[in-house]
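Peer 1: Generate coordinates for the sequence data below:
(one chain, ligands or ions: 2)
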Amino acid sequence: MNILLIGSGGREHALAWKLAQSPSLEKLYATPGNPGIAQHAELVELDITDHGEVILFCGDKDIDLVVVGPEAPLVDGLAESLRTAEIFVFGPDKAAAQLEGSKGFTKDLCARADIPTAGYVRATSAADALAALDDFSIPVVIKADGLAAGKGVIIAETRAEAEAAIADMFDGGFGEAGAEVVIEEFLTGEEASFFAITDGENVVPFGTAQDHKRVGDGDVGPNTGGMGAYSPAPVLTAELQQRVMDEIIKPTVAAMAADGMPYSGVLFAGLMLTESGPQLIEYNARFGDPECQVLMMRLEDDLAKLMMRTARGDLAQTSAPAFSAETALTVVMAAKGYPATPEKGGKIRNLARAEREGAKIFHAGTAEVEDALVASGGRVLNVTALGANATEAQARAYAAVDQIEFESGFCRRDIGWREVAREAGE
Ligand code: AMP
Ligand code: GLY
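Peer 2: Numbering: from 1, shown residues only. Ligands and ions are numbered 1, 2, ... in the order given. I've put the predicted structure just below:
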């Protein structure tokens with residue numbers, strides 16, 4: 001089959017790499033892509049906000065399936081436009097993508113379907129939000145309702161901080177995303193991610209991961225899109241995974257279908273493993289970045305076929321995809337200044353030498369300028385390795401990192417620390 005992949009980050013490079021290994025793939029196109037994706041796909045320029053242009057391209061090139069990487073085109077309704085034009089697509093419709101696009105929507109769904117999640121109140125004005133604060137203890141979590149590029153969540157350690165966050169959101173500090181606010185009870189526990197693939201009705205589990213959101217070693221500093229990740233996350237034991245499927249994922253898929261918004265694609269659940277069990281923190285309507293990179297390293301099935309079955313509503317006969325028992329770990333190399341103002345244009349060398357250390361390097365924010373590879377984004381490279389456990393995967397990933405010349409870049413040196421400490425018996 002012919003596939004069009006949408007996106008330009010490390011997640012999409014990992015998807016392109018895996019799709020390229022699928023026996024059922026004939027030709028892969030990507031837009032806008034990046035130099036890493038270009039190793040596996042023909043890059044094309046399309047304005048993805050112009051759904052008609054994407055549909056025309058699919059007709060011209062006999063595209064059988066469109067795979068949407070990032071959330072923005074999903075929330076913008078691209079998958080829906082393609083489905084309406086009878087083109088198969090991996091990714092949810094606009095209404096279903098509200099699971100990521102509106103935190104309030106997801107909380108209401110959890111309340112209706114009895115899905116374990118933090119207690120909450122939705123507020124559409126600062127006055128309502130301030131009044132609701134009285135019902136919460138401190139710390140309290142204040143969230144902008146809409147998409148805010150991972151920045152719309154404030155954990156307020158004092159009442160004053162909570163009030164300031166509310167004022168900031170209703171003053172437009174988070175743009176349209178903050179026109180509505182969700183106030184949430186603060187949960188404690190370890191965080192982990194769980195993935196599932198669903199065609200709207202049938203669901204199969206798709207692996208676990210943990211990431212590192214803070215920019216600095218020891219989980220300090222500002223939040224980022226993710227500085228590294230590993231899969232599996234052994235804290236999500238087989239028993240907990242079953243609970244997540246039964247108590248969170250399946251009721252969500254059933255409720256979405258019952259509400260006339262069947263959810264098709266990958267469902268990425270951010271979980272808090274509390275003393276009383278897993279609770280949903282948030283949903284994403286796409287693969288995580290960089291969680292996708294470690295999942296793809298371990299996936300042993302034909303990804304193109306699996307995505308096509310999902311898109312066709314044909315998952316009933318599909319058993320859970322097979323993943324290698326090894327651990328995959330990825331280290332994000334970012335441009336200095338990330339996440340605030342990453343330095344652009346820094347030269348990158350020695351990737352081939354680094355890959356000879358046994359790692360796979362996914363391009364996240366690179367560009368080719370006069371035959372040289374340079375940084376063009378905040379997160380630039382994802383240096384990814386497999387190992388018998390997290391300790392071995394970590395050692396291999398950093399051995400590769402140490403071969404890379406990228407003067408204007410940096411990375412965390414402790415990706416996987418929780419798991420490595422557990423493996424050392426600490
Ligand atoms: P979100 O964008 O909803 O995933 O939130 C970003 C991060 O904020 C999460 O990964 C958690 O670390 C934290 N967080 C969000 N909601 C809560 C909550 N109710 N209790 C504790 N931490 C939270
Ligand atoms: N790495 C977190 C995310 O993709 O949302």
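Peer 1: Please make it C-alpha for all contacts and neighbour counts, starting now.
Peer 2: Noted.
Peer 1: Contacts only, for residue 279.
Peer 2: Residues in contact with residue 279 (Cα atoms under 8 Å, 6 or more residues apart in numbering) are 115-118, 271-273.
Peer 1: before we move on, what about residue 13?
Peer 2: Counting by Cα under 8 Å, 6+ apart, residue 13 touches 33-34, 36-37, 362-364.
Peer 1: Who wins on neighbours among those residues?
Peer 2: Ranked by neighbour count (other Cα atoms under 10 Å), the contacts of residue 13 have residue 364 at the top, with 31 neighbours.
Peer 1: OK, contacts around it?
Peer 2: Under the criterion of Cα under 8 Å, 6+ apart, the neighbours of residue 364 are 8-11, 13, 34, 377, 379-382.
Peer 1: Out of the residues you listed, which is nearest to ligand 2?
Peer 2: Among the contacts of residue 364, residue 11 lies closest to ligand 2 (Cα to the nearest ligand atom), at 8.7 Å.
Peer 1: pretty sure that closest one contacts residue 294?
Peer 2: No: counting by Cα atoms under 8 Å, residue 11 stays clear of residue 294, with 9.5 Å between them.
Peer 1: Who has more neighbours out of those two?
Peer 2: For residue 11 versus residue 294, neighbours defined as other Cα under 10 Å are more numerous around residue 294 (30 against 26).
Peer 1: Point out where this structure drops to low pLDDT.
Peer 2: Scanning the chain for pLDDT under 70 picks out 149-150, 177-178.
Peer 1: quick one: residue 306 is in a strand?
Peer 2: No: counting by DSSP: H, G, I helix; E, B strand; the rest coil, residue 306 is not found in a strand; it is helix.
Peer 1: So for the chain, the centremost residue is which one?
Peer 2: residue 288 (1.5 Å; Cα atoms, centre = their mean).
Peer 1: pretty sure residue 243 is in a helix, no?
Peer 2: Yes: with three-state DSSP as the criterion, residue 243 is located in a helix.
Peer 1: re earlier: just the contacts of residue 364: which are in helices?
Peer 2: 10-11, 13 (DSSP state H).
Peer 1: I'd like those residues written out as CSV, with distance to ligand 1 added.
Peer 2: Formatted as CSV, those follow (distance: Cα to the nearest ligand atom, whole Å):
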residue, distance to ligand 1
10, 20
11, 18
13, 23
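Peer 1: Out of those residues, the closest to residue 263 would be?
Peer 2: residue 11 (20.8 Å; Cα to Cα).
Peer 1: check contacts around that closest one.
Peer 2: 69, 287-293, 364.
Peer 1: re earlier: okay, among the contacts of residue 13, which ones form the most distant pair?
Peer 2: The most widely separated members of the contacts of residue 13, counting by Cα to Cα, are 33 and 362 (12.0 Å).
Peer 1: Now the residue nearest to the centre of the chain: which helix or strand?
Peer 2: Per DSSP states H and E, residue 288 falls between elements, in no helix or strand.
Peer 1: Would you format the contacts of residue 364 as TSV with distance to residue 256 included?
Peer 2: Conversion of those to TSV gives the following (distance: Cα to Cα, whole Å):
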residue	distance to residue 256
8	29
9	29
10	30
11	26
13	30
34	34
377	35
379	34
380	36
381	36
382	34
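Peer 1: burial of residue 387, as a residue count?
Peer 2: Neighbours of residue 387 under the rule other Cα under 10 Å: 18.
Peer 1: excluding its backbone neighbours, what's nearest it?
Peer 2: Nearest non-adjacent residue to residue 387, counting by Cα to Cα, 6 or more residues apart in numbering: residue 393, 4.1 Å away.
Peer 1: and if you look at residue 250?
Peer 2: Leaving out its chain neighbours, the residue that sits closest to residue 250 by Cα to Cα, 6+ apart is residue 203, at 7.1 Å.
Peer 1: who touches the one you found in this structure?
Peer 2: The neighbourhood of residue 203, defined by Cα under 8 Å, 6+ apart, consists of 196-197, 250, 253, 315.
Peer 1: got the residues you listed as CSV, with neighbour count, distance to residue 44 and secondary structure columns?
Peer 2: CSV is the format used below for the contacts of residue 203 (neighbours: other Cα atoms under 10 Å; distance: Cα to Cα, whole Å; DSSP: H, G, I helix; E, B strand; the rest coil):
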residue, neighbour count, distance to residue 44, secondary structure
196, 20, 30, strand
197, 26, 27, strand
250, 19, 37, helix
253, 23, 34, helix
315, 22, 30, coil
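Peer 1: near ligand 1, from those?
Peer 2: Among the contacts of residue 203, not one lies near ligand 1 by Cα under 6 Å from any ligand atom.
Peer 1: which of those residues lies closest to ligand 1?
Peer 2: Nearest to ligand 1 out of those is residue 196 (Cα to the nearest ligand atom; 16.9 Å).
Peer 1: thought that closest one was touching residue 268?
Peer 2: Yes: using Cα under 8 Å, residue 196 is in contact with residue 268, at 6.6 Å.
Peer 1: so how far is residue 80 from the closest residue to residue 64 other than its chain neighbours?
Peer 2: Nearest non-adjacent residue to residue 64, counting by Cα to Cα, 6+ apart: residue 2, 5.3 Å away. Going from residue 2 to residue 80 by Cα to Cα, to the nearest Å gives 19 Å.
Peer 1: Those two: which has the busier surroundings?
Peer 2: With neighbours defined as other Cα under 10 Å, residue 2 and residue 80 compare such that residue 80 has more, 22 against 17.
Peer 1: give the contact list for the more buried one.
Peer 2: The contact partners of residue 80, taken as Cα under 8 Å, 6+ apart, are 92-94.
Peer 1: name the element residue 79 belongs to?
Peer 2: In the assignment (DSSP H and E), residue 79 maps to helix 78-84.
Peer 1: What parts of the stretch 201-350 of the chain come near ligand 2?
Peer 2: Counting by Cα under 6 Å from any ligand atom, the stretch 201-350 of the chain sits next to ligand 2 at 225-226, 288-290.
Peer 1: mind running it again at 8 Å?
Peer 2: For the stretch 201-350 of the chain, the residues found near ligand 2 under the criterion Cα under 8 Å from any ligand atom are 211-213, 225-227, 229, 284, 287-291.
Peer 1: Spatially, what comes nearest to whatever residue of the stretch 101-250 of the chain ends up closest to ligand 2 if we skip its sequence neighbours?
Peer 2: Relative to ligand 2, the nearest point of the stretch 101-250 of the chain is residue 226 (4.5 Å; Cα to the nearest ligand atom). Leaving out its chain neighbours, the residue that sits closest to residue 226 by Cα to Cα, 6+ apart is residue 213, at 4.4 Å.
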